[in-house]
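>>> Show me how the following folds:
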Amino acid sequence: MLETYPVLPLLAQDADSSNAPAPPPSADVAPPPAGSESQPLGSPGSTAPGATGNTAERPPSLFDGGLMFILLGFMVLMIVFSISSGRKEKKRKQELLASLSKGQKVQTAGGVLGTVTDVRDHEVVVKVDENSNTRIRFAKSAIAAVVDEK
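Okay, here's the model as predicted:
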């Protein structure tokens, strides 16, 4: 037969926590006199001998010590570099398309190799086969690179 036992949650409590309730006074112990300076250790405001205030340290947070500023600065640098590299690539592509001329060997984005025979406003005519004189029209934006065959 399977027996079940109630599960009690375990709570970790700090021994010198000031939020812990004081144990109820027992009948054997007399309360301290009103003018007395000594306080029981469990009462609020009391500290252990040699201690200066709250001894429990909280764990370091992401927002403490400037770590958050370092992470934010790193992210800003990454964004700036990615934007600037995108701008450089776009500018290089525009210069390449503007400098296309008749007779250059080019490669398209699809990998087709050929020689430019005609350049128009938004399209380029590329001769892909010398024997059959096959020519294909491409959009100018389809030209990926100028090939130097040396």
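
>>> Contact partners for A145?
L96, V106, Q107 (CB atoms under 8 Å, 6 or more residues apart in numbering). Just so you know, the C-beta spots here come from the backbone N, C-alpha and C atoms, and that holds for glycine as well.

>>> List the beta-bridge partners for it.
The bridge-partner assignment for A145, based on DSSP bridges, gives Q107.

>>> Could you check how far it is from Q107?
Noted for A145: a distance of 5 Å to Q107, by CB to CB, to the nearest Å.

>>> Next, work out how far apart R58 and D64 are.
In terms of CB to CB, R58 sits 9 Å off from D64.

>>> Neighbour count for those two, which is higher?
For R58 and D64, the more surrounded residue by other CB atoms under 10 Å is D64, and the numbers stand at 10 against 7.

>>> domain ranges for the protein?
Using automatic domain parsing, the domain parsing of the chain gives 63-99, 101-150.

>>> Need those in a markdown table (columns: mean pLDDT and distance to E3).
Below are those laid out as a markdown table (pLDDT from 0 to 100; distance: least, CB to CB, whole Å):
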| stretch | mean pLDDT | distance to E3 |
| --- | --- | --- |
| domain 63-99 | 90 | 49 |
| domain 101-150 | 91 | 71 |
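
>>> Give me whichever of these is most buried.
Of all these, domain 101-150 carries the top mean neighbour count, a mean of 13, counting by mean count of other CB atoms under 10 Å.
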